[in-house]
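Q: here is the input, now give the coordinates:
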Amino acid sequence: MPIRKRPRGAEYRCLIEHRGSIWYRRQGSGERVLTDTGCVTWTEAVQWKRAYETRQAASGRPATRRRLPGAVPKFSEVAELYLERPSRLGELSENTVRDKRSFLRPEGPIMLAFGNRPVDSITARDLEDWWAREVVDRGRSASHGRNSINTVSLVVQRAMAEGWADENPVPAFREMLRGASKTKAGRAEAESKANPIERPEDVARLVEAALAEDLRSAVAVLLLLDTGMRVGEAEALTWGQVVFGSDEDAGSRFLVIDRARVGRDYSARPKSGRARRVQLSRRLRAALLRQRETQWNPGPDAQVLPKFHGGNFRGRQWRRILARARLGHWAPKDLRDTFASHLLTRGINPAYVSRQLGHADWSVTARHYARWTGGNYYIEPELLQPGEVPADLLARFSVTSPEQACAETGALAIDLHGRGPAFAVDPISEERKRA
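A: Next comes the predicted model:
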């Protein structure tokens with residue numbers, strides 16, 4: 001009679017099924033100690049384990065050691081277990097599962113190198129050889145290599161939790177990378193990949209061009225620019241997540257970011273796996289109020305941007321917005337970097353910016369946006385007016401007078417400070433629609 005799958009629970013820890021029997025496993029003298037319990041049911045094995053540990057504790061004698069060949073699973077088997085349940089404490093977010101499955105795909109460089117090897121046989125030297133072959137020789141970025149190595153580390157940690165591996169080789173390999181990063185080439189590779197729109201006048205011109213496109217595009221741009229949210233979070237945003245407050249000066253005006261679009265699922269958890277509150281700027285609040293009016297008082301489950309898809313937006317409205325604003329090549333996701341870099345440049349606390357972005361901790365923000373934190377120079381925080389939030393600082397950017405700005409973008413006058421914006425008809429858009 002085959003032994004059923006091991007139940008979950010702390011009492012079953014250190015018990016494994018092998019060759020039709022249940023074995024007790026513990027660590028000792030740098031190797032695994034395996035003892036045959038002679039049991040074929042998990043309940044009997046738990047009772048045997050308790051009695052055995054009691055006897056060993058009383059006598060102080062070591063357990064009988066026997067290391068079984070083939071008892072350690074392959075890296076690919078532990079990887080599948082990790083993707084199914086990374087730890088006993090919780091699950092991975094949908095975004096993280098998608099990323100990790102990409103790294104751990106059967107035809108990927110990680111699985112081709114380590115998939116068929118016992119999970120405890122991977123060493124720091126193996127990782128060094130893999131890095132030289134798959135990152136350096138193939139010209140991949142260091143960030144891609146680090147993400148791959150981090151994935152290997154998570155799988156090995158899962159194996160260690162089950163007792164299949166004694167140590168993780170990744171920390172030793174990271175020490176090798178730190179030594180390499182002190183070279184000129186390493187410092188150049190370590191440069192931040194953030195790509196913000198740094199000139200305030202360019203940011204202002206972009207907002208004006210978005211307002212000239214149409215209301216829906218303006219709301220999409222302001223959601224990304226004034227909150228730093230990800231595109232997938234904007235796609236899944238519903239009216240139940242929007243708290244307008246009593247007026248534009250109310251302190252309790254914010255968005256609750258607790259979901260994101262992953263594939264066809266619009267209720268997936270954010271990338272960080274936890275919800276956050278993002279404060280509403282005045283102009284974004286005004287734009288959202290106008291957007292809600294066009295939807296005839298929608299319910300809390302209705303999407304703020306119905307049928308909005310980031311890929312379609314980037315290939316259509318976004319391209320026209322960039323052309324109208326006379327800007328070069330930018331991606332909608334660069335607005336997240338723009339939000340963070342401009343607030344840090346104006347002395348806003350990095351911990352606050354980190355919470356708004358949804359980073360794991362503020363050290364992630366500091367690493368990505370170190371160039372804009374002032375370095376050795378103290379940045380005097382820019383003062384906020386009564387009722388303003390830090391995102392309102394972005395609305396102070398301007399290009400020229402309103403009349404000249406309208407002539408440049410082809411739109412009517414727009415109040416960038418969010419006090420009752422006049423979303424006007426753009427003659428260029430109307431002509432395009434008729435065509």
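Q: list the residues that contact residue 37.
A: 15, 21, 22, 23, 24, 44, 45, 48, 49, 52 (Cβ atoms under 8 Å, 6 or more residues apart in numbering). The way it works is simple: take the backbone N, C-alpha and C, and place the C-beta from them, glycine included.
Q: most neighbours of all these, which one?
A: Taking other Cβ atoms under 10 Å to define a neighbour, the member of those with the most is residue 45, carrying 26 neighbours.
Q: residues in contact with that residue?
A: 12, 15, 22, 24, 37, 39 are the contacts of residue 45 under Cβ under 8 Å, 6+ apart.
Q: against residue 25, how distant is it?
A: Per Cβ to Cβ, to the nearest Å, residue 45 is found 11 Å from residue 25.
Q: same deal with residue 6?
A: In this view, residue 6 and residue 25 are 12 Å apart by Cβ to Cβ.
Q: quick one: common contacting residues for those two?
A: 15, 16.
Q: in the chain, where is pLDDT below threshold?
A: Low-confidence segments of the chain (pLDDT under 70): 1-2, 19, 26-33, 59-70, 86-94, 180-192, 400-435.
Q: name the SS class of the residue most central in space within it, please.
A: The geometric centre of the chain, computed from its C-alpha atoms, lies nearest to residue 271 (Cα atoms, centre = their mean), at 4.0 Å. Assigned with DSSP: H, G, I helix; E, B strand; the rest coil, residue 271 falls in the coil class.
Q: what is the neighbour count of the closest residue to it other than its chain neighbours?
A: Excluding its sequence neighbours, the residue lying closest to residue 271 (Cβ to Cβ, 6 or more residues apart in numbering) is residue 95, at 4.4 Å. Residue 95: 19 surrounding residues under other Cβ under 10 Å.
Q: give the contact list for residue 95.
A: With Cβ under 8 Å, 6+ apart, residue 95 has these contacts: 232, 260, 262, 268, 269, 270, 271.
Q: for residue 230, same thing?
A: Residue 230 makes contact with 260, 270, 271, 333, 336, 358 under the criterion Cβ under 8 Å, 6+ apart.
Q: as a markdown table, those with distance to residue 85 would be great.
A: What follows is the contacts of residue 230, written out as a markdown table (distance: Cβ to Cβ, whole Å):
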| residue | distance to residue 85 |
| --- | --- |
| 260 | 22 |
| 270 | 20 |
| 271 | 19 |
| 333 | 31 |
| 336 | 31 |
| 358 | 24 |
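Q: separation between residue 16 and residue 23?
A: Taking Cβ to Cβ, one finds residue 16 at 5 Å from residue 23.
Q: overlap in contacts of those two?
A: Common neighbours of residue 16 and residue 23, counting by Cβ under 8 Å, 6+ apart, are residue 71.
Q: got the domain ranges for the protein?
A: As given by automatic domain parsing, the domain ranges for the chain are 10-59, 75-189, 200-248+279-434.
Q: out of the contacts of residue 230, which is most surrounded?
A: Compared across the contacts of residue 230, residue 260 has the highest neighbour count, 26 neighbours, by other Cβ under 10 Å.
Q: spit out the contact partners of the nearest residue to that residue once chain neighbours are set aside.
A: Spatial nearest neighbour of residue 260, excluding adjacent residues (Cβ to Cβ, 6+ apart): residue 232 at 4.1 Å. Listed by Cβ under 8 Å, 6+ apart, the contact partners of residue 232 are 95, 260, 261, 262, 271, 310.
Q: could I get these in CSV, plus columns for secondary structure and distance to residue 236?
A: Converted to CSV, these look like this (DSSP: H, G, I helix; E, B strand; the rest coil; distance: Cβ to Cβ, whole Å):
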residue, secondary structure, distance to residue 236
95, helix, 12
260, strand, 5
261, strand, 5
262, strand, 9
271, coil, 12
310, helix, 11
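Q: show me which of the residues you listed is closest to residue 72.
A: Checking the contacts of residue 232 against residue 72 with Cβ to Cβ, the nearest one is residue 95 at 31.0 Å.
Q: for residue 364, see how far away that closest one is.
A: From residue 95 to residue 364 the distance is 15 Å (Cβ to Cβ).
Q: do residue 3 as well
A: 44 Å.
Q: what does residue 240 give?
A: Here residue 240 is placed at a distance of 29 Å from residue 364 (Cβ to Cβ).
Q: now do residue 299
A: Relative to residue 364, residue 299 is positioned 36 Å away (Cβ to Cβ).
Q: ok, these two, which is more surrounded?
A: residue 364 (14 against 9).
Q: tell me the spatial nearest neighbour of the more buried one, not counting adjacent residues.
A: residue 354 (6.8 Å).
Q: in a helix, residue 266, correct?
A: No: counting by three-state DSSP, residue 266 falls outside a helix, being strand.
Q: can you give me the neighbour number for it?
A: What residue 266 shows, counting by other Cβ under 10 Å, is a neighbour count of 15.
Q: surely it meets residue 233?
A: No: counting by Cβ atoms under 8 Å, residue 233 is not a contact partner of residue 266; they are 10.5 Å apart.
Q: common neighbours of the two, please.
A: Joint contacts of residue 266 and residue 233 (Cβ under 8 Å, 6+ apart) are residue 259.
Q: let's have the contacts of residue 95 in a markdown table, adding distance to residue 244.
A: Output for the contacts of residue 95, formatted as a markdown table (distance: Cβ to Cβ, whole Å):
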| residue | distance to residue 244 |
| --- | --- |
| 232 | 23 |
| 260 | 22 |
| 262 | 28 |
| 268 | 25 |
| 269 | 25 |
| 270 | 22 |
| 271 | 26 |
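Q: check those and tell me the two furthest apart.
A: Across the contacts of residue 95, the longest distance by Cβ to Cβ is 10.8 Å; it joins 232 and 269.
Q: where do the contact lists of these two overlap?
A: Counting by Cβ under 8 Å, 6+ apart, the shared contacts of residue 232 and residue 269 are 95, 260.
Q: backbone phi and psi for residue 74, please?
A: For residue 74, the backbone dihedrals are phi -70, psi 160 (criterion: degrees, to the nearest 10).
Q: got a list of what it touches?
A: 115, 116, 117, 118, 119.
Q: most neighbours, which of these?
A: residue 119 (23 neighbours).
Q: residues in contact with the closest residue to residue 270 other than its chain neighbours?
A: Spatially, and ignoring its direct neighbours in sequence, residue 270 is nearest to residue 260 (5.0 Å; Cβ to Cβ, 6+ apart). Applying Cβ under 8 Å, 6+ apart, we find residue 260 in contact with 94, 95, 230, 232, 233, 235, 236, 268, 269, 270, 271.
Q: gap between the second one and residue 196?
A: Yep, that's residue 95 we're talking about. From residue 95 over to residue 196 (counting by Cβ to Cβ), the distance is 22 Å.
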